[in-house]
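Engineer: Here's my sequence, what's the structure:
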Amino acid sequence: MKAGVSTLRTRVAQVVWLVFVVAALFLAVGALLIALDANRDNGLVKFILDGANTVDLGIFSRNNGIKDFTGNNADVKNALFNWGIGAIVWLVVGRVLERIIRP
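Structural biologist: Next up is the predicted model:
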(Lines give C-alpha, C1' and ligand atoms only; values in the text may rest on other atoms or scores of the structure.)
Protein backbone atom coordinates (compact mmCIF):
# COMPACT_ATOMS: atom_id res chain seq x y z
CA MET A 1 0.00 0.00 0.00
CA LYS A 2 2.78 2.43 0.90
CA ALA A 3 4.54 1.84 -2.43
CA GLY A 4 1.34 2.80 -4.30
CA VAL A 5 0.96 6.05 -2.38
CA SER A 6 4.63 6.83 -2.88
CA THR A 7 4.34 6.27 -6.63
CA LEU A 8 1.22 8.42 -6.81
CA ARG A 9 2.89 11.26 -4.91
CA THR A 10 5.90 11.04 -7.22
CA ARG A 11 3.70 11.26 -10.33
CA VAL A 12 1.70 14.17 -8.92
CA ALA A 13 4.94 15.99 -8.04
CA GLN A 14 6.19 15.47 -11.60
CA VAL A 15 2.97 16.84 -13.08
CA VAL A 16 3.05 19.87 -10.77
CA TRP A 17 6.67 20.57 -11.70
CA LEU A 18 5.85 20.23 -15.41
CA VAL A 19 2.95 22.70 -15.17
CA PHE A 20 5.13 25.26 -13.42
CA VAL A 21 7.96 24.82 -15.94
CA VAL A 22 5.55 25.31 -18.85
CA ALA A 23 4.23 28.51 -17.24
CA ALA A 24 7.80 29.78 -16.80
CA LEU A 25 8.60 28.90 -20.41
CA PHE A 26 5.60 30.89 -21.65
CA LEU A 27 6.89 33.94 -19.78
CA ALA A 28 10.51 33.53 -20.83
CA VAL A 29 9.76 32.87 -24.50
CA GLY A 30 7.15 35.64 -24.51
CA ALA A 31 9.72 38.11 -23.19
CA LEU A 32 12.18 36.95 -25.85
CA LEU A 33 9.59 37.40 -28.59
CA ILE A 34 8.86 40.94 -27.39
CA ALA A 35 12.59 41.73 -27.27
CA LEU A 36 13.08 40.36 -30.80
CA ASP A 37 10.05 42.32 -32.03
CA ALA A 38 8.43 39.18 -33.40
CA ASN A 39 5.48 39.48 -35.77
CA ARG A 40 2.49 39.56 -33.42
CA ASP A 41 0.14 38.59 -36.26
CA ASN A 42 1.82 35.17 -36.44
CA GLY A 43 -0.37 32.49 -34.85
CA LEU A 44 2.39 30.90 -32.78
CA VAL A 45 3.67 34.25 -31.52
CA LYS A 46 0.13 35.27 -30.61
CA PHE A 47 -0.40 31.95 -28.79
CA ILE A 48 2.81 32.38 -26.75
CA LEU A 49 2.05 36.01 -25.87
CA ASP A 50 -1.54 35.19 -24.91
CA GLY A 51 -0.28 32.32 -22.75
CA ALA A 52 2.30 34.58 -21.12
CA ASN A 53 -0.36 37.20 -20.44
CA THR A 54 -2.44 34.49 -18.77
CA VAL A 55 0.27 33.04 -16.53
CA ASP A 56 1.66 36.41 -15.46
CA LEU A 57 -1.33 36.53 -13.08
CA GLY A 58 -1.47 40.32 -13.33
CA ILE A 59 1.37 40.58 -10.82
CA PHE A 60 4.13 40.23 -13.42
CA SER A 61 2.22 41.99 -16.20
CA ARG A 62 4.10 43.78 -18.96
CA ASN A 63 1.80 46.78 -18.71
CA ASN A 64 1.32 47.12 -14.97
CA GLY A 65 3.79 44.78 -13.31
CA ILE A 66 6.29 44.98 -10.51
CA LYS A 67 8.33 47.65 -12.31
CA ASP A 68 7.00 49.96 -15.01
CA PHE A 69 9.67 51.36 -17.30
CA THR A 70 9.11 54.45 -19.43
CA GLY A 71 10.97 55.96 -22.34
CA ASN A 72 12.82 54.22 -25.13
CA ASN A 73 12.13 50.50 -25.45
CA ALA A 74 9.88 50.54 -22.38
CA ASP A 75 7.79 47.65 -23.76
CA VAL A 76 10.87 45.47 -24.13
CA LYS A 77 12.23 46.40 -20.71
CA ASN A 78 8.85 45.74 -19.07
CA ALA A 79 8.57 42.34 -20.74
CA LEU A 80 12.12 41.27 -19.92
CA PHE A 81 12.00 42.47 -16.33
CA ASN A 82 8.47 41.58 -15.26
CA TRP A 83 8.09 38.35 -17.21
CA GLY A 84 11.66 37.36 -16.31
CA ILE A 85 10.92 37.78 -12.60
CA GLY A 86 7.63 35.96 -13.12
CA ALA A 87 9.39 33.02 -14.77
CA ILE A 88 11.83 32.77 -11.87
CA VAL A 89 8.99 32.87 -9.34
CA TRP A 90 7.09 30.14 -11.21
CA LEU A 91 10.21 27.94 -11.16
CA VAL A 92 10.96 28.53 -7.47
CA VAL A 93 7.37 27.95 -6.35
CA GLY A 94 7.10 24.91 -8.61
CA ARG A 95 10.26 23.39 -7.19
CA VAL A 96 9.15 24.01 -3.61
CA LEU A 97 5.75 22.42 -4.24
CA GLU A 98 7.37 19.52 -6.06
CA ARG A 99 9.65 18.88 -3.05
CA ILE A 100 6.73 19.07 -0.62
CA ILE A 101 4.59 16.64 -2.62
CA ARG A 102 7.31 14.13 -3.49
CA PRO A 103 7.79 11.44 -0.82
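Engineer: among the helices and strands of the chain, which has the poorest mean pLDDT?
Structural biologist: In the chain, the helix or strand scored least confidently by mean pLDDT, DSSP states H and E is helix 74-78, which has a mean of 89.
Engineer: Which neighbouring elements make contact with the next helix or strand after it?
Structural biologist: Remark: after helix 74-78, the chain's next helix or strand is helix 84-101, criterion DSSP states H and E. For helix 84-101, the packing partners by 3 or more C-beta pairs under 8 Å, 6 or more residues apart in numbering; DSSP states H and E come out as helix 2-35. C-beta here means a position set from N, CA and C on the backbone, and glycine is covered the same way.
Engineer: So which elements touch the helix or strand that the helix it packs on is followed by?
Structural biologist: Per DSSP H and E, the first helix or strand lying C-terminal to helix 2-35 is helix 43-55. The helices and strands touching helix 43-55, judged by 3+ C-beta pairs under 8 Å, 6+ apart, are helix 2-35.
Engineer: sorry, back to before: what residues does the least confident helix or strand of the chain touch?
Structural biologist: 34-35, 62-63, 65, 67-69 (C-beta atoms under 8 Å, 6 or more residues apart in numbering).
Engineer: Show me which residues of that helix are buried.
Structural biologist: 76-78 (16 or more other C-beta atoms under 10 Å).
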